[in-house]
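Chemist: Any chance you can model this:
(chains A and B)
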Amino acid sequence: MEVSMTVNGREVKSDVEPRMLLVHFLRENLRLTGTHVGCETGYCGACTVHVDGKAVKSCTMLAVQANGSTIMTIEGLASNGQLHPVQEGFWERHGLQCGFCTPGMIMASVALLESNDNPSEDEIRHGIEGNLCRCTGYHNIVRAVEYAGAKMRGEEPPPPDWEGGD
Amino acid sequence: MATTVSALGGAVRRREDPALIQGKGLFTDDYTPHGTAYVAFVRSPFAHATINSIDTSAAEAADGVVAVYTHDDVAHLGDLIAQVVVAKARPLLAGSKVKHVGEAVAMIIAETSQQARDAADLVDVDYEPHTPIIDLRDAAADKQLVHDDLDTNLVVTWEAGPWGDAEGIAATKQVIADAKARDDTVTVSIDAVNQRLIPVPIEPRSVVAAWDAGYSRFRVHSSTQVPHALMGAVKTTFGLDANQVHVTAPEVGGGFGVKLNIYNDEILACFATQQLGRPIKWTETRREATGSSIHGRGWVATATVVGTKDGEILGYELDAIADMGAYEQNFTAAIPFLGLFVGSGQYKFPTHWKATCVFTNTMTTDAYRGAGRPEAAYYLERVIDAYAREIGVDPVDVRKKNFLDKFDEAVVSPIGFALDTGDYSTNLDKLVAVSNYEGLKAERDAARAEGRHVGIGISTYCEVCGFAPTALSELGFSWATYGLPAGFYGTGLVRVNPDASVTVVTGTGPSGQGHETTWAQLVSDRLGIPVERIRVIHGDTEESPMGIGTFGSRSAAVDGTATYDAADRVAAKAKSIAAHLMEASAEDIELDSEGGHVVGSPDSNVSWNDIAAAAYLPHRLGESELEGGLESHVIFDPPNATWPFGAHLAMVEVDAETGDVELLRYITVDDCGNVINPMIVAGQVHGGVTQGIGQAMFEDAIYDSDGNMLTGSLLDYPIPTATDLPMFELNHTTTPTNINSLGVKGIGEAGTIGSAQTIVNAVVDALEPLGVKHVDMPLRPKRVWAAIQEARG
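Modeler: Residues are numbered from 1 along each chain as shown, chains lettered A, B, ... in the order given. Modelled structure (predicted):
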């Protein structure tokens, strides 16, 4: 079946099998390999992208269901070489270790901050609850989102809390 | 460009991150060479069955199928090579019998992964099921055999007290028996399960193999922690030299031990690419990850303490049965032995420790974060708490009374190993202080007075890492079985390039530990060259002449030290070159980000560019004795393992009506010696503690009595989510090791080793007023609720 959609600002058209998942379309047809497959059951969130502005687990959606949609993946988040504040937060606050869950975690965090620009710790935790990380214990992901939120509000981010931090 | 000249101890932002936060990191599954064909496996639905026949004709005729292989096609390659095999190795594909659910029976190669999976469903295998043996105690009693060509399920028994001393063991047993017989002592036992776990890195394992027929060479990308071991396994299986197999581990999306193994899929991908002349890719599904990649833990044990009524422990016994699964892989039977190393923990009392390793009809067990040490620490620290409760002495006081005294030269533990340095009381005192332990107890008691069930749990631990002295290669700490007779030393190569950038090659295989940053810090510290100009290459068998990989919290202490020492030698040579160029004495030269300068003479400078250029234009070295080049490759053979330690505290509240456990506070005081990058160390503690909490509260790899895997997806096998955890409160003490020049011990597994029993001790403390003395992990509401009902009668 023919599908067309806008991905990271670019119009794309492709012929896909009806059973092809959106995540496979992104990875295999468009070679956007930043979106990862972690579980294939909609649980881990490594495949999270934005579909028409909403965070969606792209292994739970068929490519044909995304026909006509506007998609943003991790590759489209930075603009003009400038990292998105959430990307910057993950870097500044050690919000990633192996980096495999990170693209999905960042996309979920961006969606969270777009709906709530000053989330509490508890709201951050609930906002990323659908994304699994096995490395960080989420501590520094919470800190990364706090950092990004502050940046997006034009405030000074809180200092890091590791010992000997700057 | 930012320039960061790092002193050790700086929280340098990670060099790894820019690619990973922009979706530009390359993991194995992101590689698809031109012409790639894909693998799917047919796997056994039975835990124990005879294979009467396999009909592959329908699969071979299916769309896109390139080849179908079964046991007979690969039998000439032998079994899967593994480093430590005592009794039974895994066949590459099952022969006449399958021994666990999920065992690979046939391999499909097709044009697309979907076609391969579709065709796998068309393979018709005629199984004749047999009764499997799943229960550990039944397996240990040989009620049914896993392998009918062996006369027992027993693989090996590890016993110590101390290790390697039969007379000593007998004497220790007598000491403990005598103590129990006294009427002024108390004996306390717990029977506890340390349940089987699934490691669950978020990246599934993946391998891409390509045979270059014209050059007789394999190129293999694999999601592995041990690329050199994989290279050795491939070269040995296919009869090649080490220089004919190039293995790289690109970005590896978490390991935790599951990728510290050589797998049949890796060998079979190499076989298929050699047969078919095209690249072969296999990426496991999550269901394969949970059922056909290694598991961890899986012990049942009785732990017993005998001591006086005022808290002096006179003896400790552990009698454990450890589940090996159906076949041995890399370190399977050696994992409980790692627990034995720390069987007596940080204590001075006599210890008799025994772990009986047995086969069952389940997936193989092997290293999962901590690998033997979490199990050892769990039983020791649980039963000490039970003893403290029994005699009514504070668990902090009981521990302090029985710790080894502070030492800065090696002392031999009761279990028989030389510990490097330790200061356990100071460490626990710090936990008491930073947690305001007395205040927390008052808070708990006030909550109890209101009818709430709040509890405090403590655990201390001493673990062992930084493997290993090459003398231990005789005990299996080696890649010798893979045709690489190399002990677990460290390797670091530091090269200043002609343009004064630096390339570092190290033998590690990280999966998120930040070696590209930390190693750059080590080199920058010695040379003064900014970390931004230092590139660190790891996980590559052609770049690094040998490499042991990343596991057992070994990388910084062993390969990091090698790299640091190599940088030191390069610095010495750079100083000699600078001295030659300035006609000064090398002892008077200092290095910084600009280059070399003569101490006390600000005008006498030579740039790094000039130093590097002279090294690669040796005529500029003139009459000096200096040779061209500016690099050093150091092999570091550590004289001992390292022995980190720490103390953890958890505060929980249990809802007695539902059994739900809420984790309120988690406070750590870890001691990993000197810290290179506190940001990365904190991250390791966060992640390690979380995996211990996962074991304590949620995770359980369950086989039913027929051997069916009941927890094959992340819905059935819940790992901690963000809402399950509090912010962690981290602290440390610093007791450097004296066995390496960095003074570092290791931190990757410490959090896991210290945490599971901390949580369980806290929950038992919370439920003490209700009469609960023990609950097995995981502390899911149903189990906690049942324990409360049972205690209430």
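
Chemist: Break down the stretch 151-300 of chain B into its helices, ranges please.
Modeler: B:166-181, B:227-238, B:264-276, B:286-291 (DSSP state H, counting those that start in this stretch).

Chemist: swap that for chain A, sorry
Modeler: Counting by DSSP state H, the segments of chain A that form helices are A:22-24, A:85-92, A:102-115, A:121-127, A:139-152.

Chemist: At the geometric centre of chain A, which residue sits there?
Modeler: The centroid of chain A falls nearest to residue A:107 when counting by C-alpha atoms, centre = their mean (1.7 Å).

Chemist: Get me the contact residues on the stretch 151-300 of chain B for chain A.
Modeler: Proximity of the stretch 151-300 of chain B to chain A is assessed by C-beta under 8 Å from any C-beta of the partner chain, with B:200-204, B:251-256, B:283, B:285-286 identified as the residues in range. Bear in mind the C-beta positions are built from the backbone N, C-alpha and C, glycine included.

Chemist: right, and the pair among these with maximum separation?
Modeler: B:251 and B:285 (19.9 Å; C-beta to C-beta).

Chemist: can you give me phi and psi for the residue lying closest to residue B:771 once chain neighbours are set aside?
Modeler: Sequence neighbours aside, residue B:791 is the residue nearest to residue B:771 in space, at 3.9 Å (criterion: C-beta to C-beta, 6 or more residues apart in numbering or on different chains). Here is the backbone geometry of residue B:791 (degrees, to the nearest 10): phi -70, psi -40.

Chemist: What is the neighbour count of residue B:791?
Modeler: 16 (other C-beta atoms under 10 Å in any protein chain shown).

Chemist: That one against residue B:767, yeah?
Modeler: Yes - Residue B:791 is within contact range of residue B:767, at 7.2 Å (criterion: C-beta atoms under 8 Å).

Chemist: which residues of the chain score low on pLDDT?
Modeler: Looking at chain A here, since you left the chain open. Counting by pLDDT under 70, chain A shows low-confidence ranges at A:163-166.

Chemist: Sorry, I should have been clearer: chain B.
Modeler: Using pLDDT under 70, chain B drops low at B:1-6.

Chemist: ranges for the helices of the stretch 351-500 of chain B?
Modeler: Along the stretch 351-500 of chain B, counting by DSSP H, counting those that start in this stretch, helices occupy B:373-391, B:395-402, B:424-434, B:437-449.

Chemist: okay, these, which one's buried deepest?
Modeler: By mean neighbour count, with neighbours taken as mean count of other C-beta atoms under 10 Å in any protein chain shown, helix B:373-391 ranks first of the helices of the stretch 351-500 of chain B at a mean of 26.

Chemist: got the angle for that helix vs helix B:395-402?
Modeler: With axes from the mean of the first three to the mean of the last three C-alpha atoms, to 10 degrees as the basis, helix B:373-391 and helix B:395-402 are set at 110 degrees to each other.

Chemist: which strands and helices sit next to helix B:373-391?
Modeler: strand B:185-194, strand B:299-308, strand B:313-325, helix B:335-341, helix B:395-402, strand B:453-462, helix B:750-767 (3 or more C-beta pairs under 8 Å, 6 or more residues apart in numbering or on different chains; DSSP states H and E).

Chemist: so of the ones you listed, which one's packed in deepest?
Modeler: For the helices and strands packed on helix B:373-391, average neighbour numbers computed from mean count of other C-beta under 10 Å are highest in helix B:750-767, which has a mean of 29.

Chemist: can you list the domain ranges for the chain.
Modeler: In the absence of a named chain, this looks at chain A. A:2-74, A:85-152 (automatic domain parsing).

Chemist: nope, chain B
Modeler: Taking automatic domain parsing as the domain assignment, the record places the domains of chain B at B:36-130+B:203-253+B:259-291, B:490-636.

Chemist: now check the last one, is it near chain A?
Modeler: What that stands for is domain B:490-636. Yes - in terms of C-beta under 8 Å from any C-beta, part of domain B:490-636 sits within range of chain A, namely B:511-514.

Chemist: residues in contact with the residue most central in space within chain B?
Modeler: If you average the C-alpha coordinates of chain B and look for the closest C-alpha using C-alpha atoms, centre = their mean, you land on residue B:369, 4.0 Å from that point. By C-beta atoms under 8 Å, 6 or more residues apart in numbering or on different chains, the contact list for residue B:369 reads B:199, B:256-257, B:296, B:688, B:691, B:748-749, B:752.

Chemist: and the two most separated of the residues you listed?
Modeler: For the contacts of residue B:369, the maximum inter-member distance is 14.4 Å, found between B:296 and B:748 (C-beta to C-beta).

Chemist: Next up, the contacts around the residue of chain A found nearest chain B.
Modeler: Using C-beta to the nearest C-beta, residue A:34 is the residue of chain A that sits closest to chain B, at 1.9 Å. Residues in contact with residue A:34 (C-beta under 8 Å, 6+ apart) are A:73-75, A:103, B:22-25.

Chemist: Kindly report the same for residue B:513.
Modeler: Going by C-beta under 8 Å, 6+ apart, residue B:513 touches A:97, B:550, B:555, B:680, B:684, B:748.

Chemist: hang on, the earlier thing: out of the helices of chain A, flag the one nearest residue B:613.
Modeler: With respect to residue B:613, and counting by C-beta to C-beta, the nearest of the helices of chain A is helix A:85-92 at 34.3 Å.

Chemist: Take the domains of chain B and lay them out in a markdown table including distance to residue B:429.
Modeler: As requested, the domains of chain B are arranged in a markdown table below (distance: least, C-beta to C-beta, whole Å):
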| stretch | distance to residue B:429 |
| --- | --- |
| domain B:36-130+B:203-253+B:259-291 | 36 |
| domain B:490-636 | 24 |
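
Chemist: contacting residues for residue B:75?
Modeler: By C-beta under 8 Å, 6+ apart, the contact list for residue B:75 reads residue B:95.

Chemist: Is it in a helix, a strand, or coil?
Modeler: Classification of residue B:75 by DSSP: H, G, I helix; E, B strand; the rest coil places it in helix.

Chemist: Check the gap between it and residue B:611 for me.
Modeler: In this structure, residue B:75 lies at 58 Å from residue B:611, with C-beta to C-beta, to the nearest Å as the measure.

Chemist: Can you get me a residue count around residue B:148?
Modeler: Residue neighbour count, defined by other C-beta under 10 Å, stands at 10 for residue B:148.

Chemist: before we move on, back to that, let me know which of the helices and strands packed on helix B:373-391 is the nearest to residue B:358.
Modeler: Nearest to residue B:358, of all the helices and strands packed on helix B:373-391, is strand B:313-325, at 6.2 Å by C-beta to C-beta.

Chemist: who does that closest one touch, helix- and strand-wise?
Modeler: Counting by 3+ C-beta pairs under 8 Å, 6+ apart, strand B:313-325 packs on helix B:136-140, helix B:166-181, strand B:299-308, helix B:335-341, strand B:351-359, helix B:373-391, helix B:395-402.

Chemist: right, and the ones you listed - which one's nearest residue B:672?
Modeler: Go through these one by one with C-beta to C-beta and the one that ends up closest to residue B:672 is helix B:373-391, at 14.0 Å.

Chemist: could you check the angle strand B:453-462 makes with the closest one?
Modeler: Between the axis of helix B:373-391 and that of strand B:453-462 there is an angle of 130 degrees, by the same axes, to 10 degrees.

Chemist: Now do the phi/psi pair for the residue nearest to the centre of chain B.
Modeler: Summarising the backbone geometry of residue B:369 under the convention degrees, to the nearest 10, its torsions are phi -10, psi 110.

Chemist: Distance check, it against residue B:262.
Modeler: When C-beta to C-beta is applied, the distance between residue B:369 and residue B:262 equals 19 Å.

Chemist: hmm, back to that, got the residues of domain B:490-636 next to chain A as a markdown table, with secondary structure and distance to residue B:339 columns?
Modeler: Output for the residues of domain B:490-636 next to chain A, formatted as a markdown table (DSSP: H, G, I helix; E, B strand; the rest coil; distance: C-beta to C-beta, whole Å):
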| residue | secondary structure | distance to residue B:339 |
| --- | --- | --- |
| B:511 | coil | 23 |
| B:512 | coil | 25 |
| B:513 | coil | 23 |
| B:514 | coil | 27 |
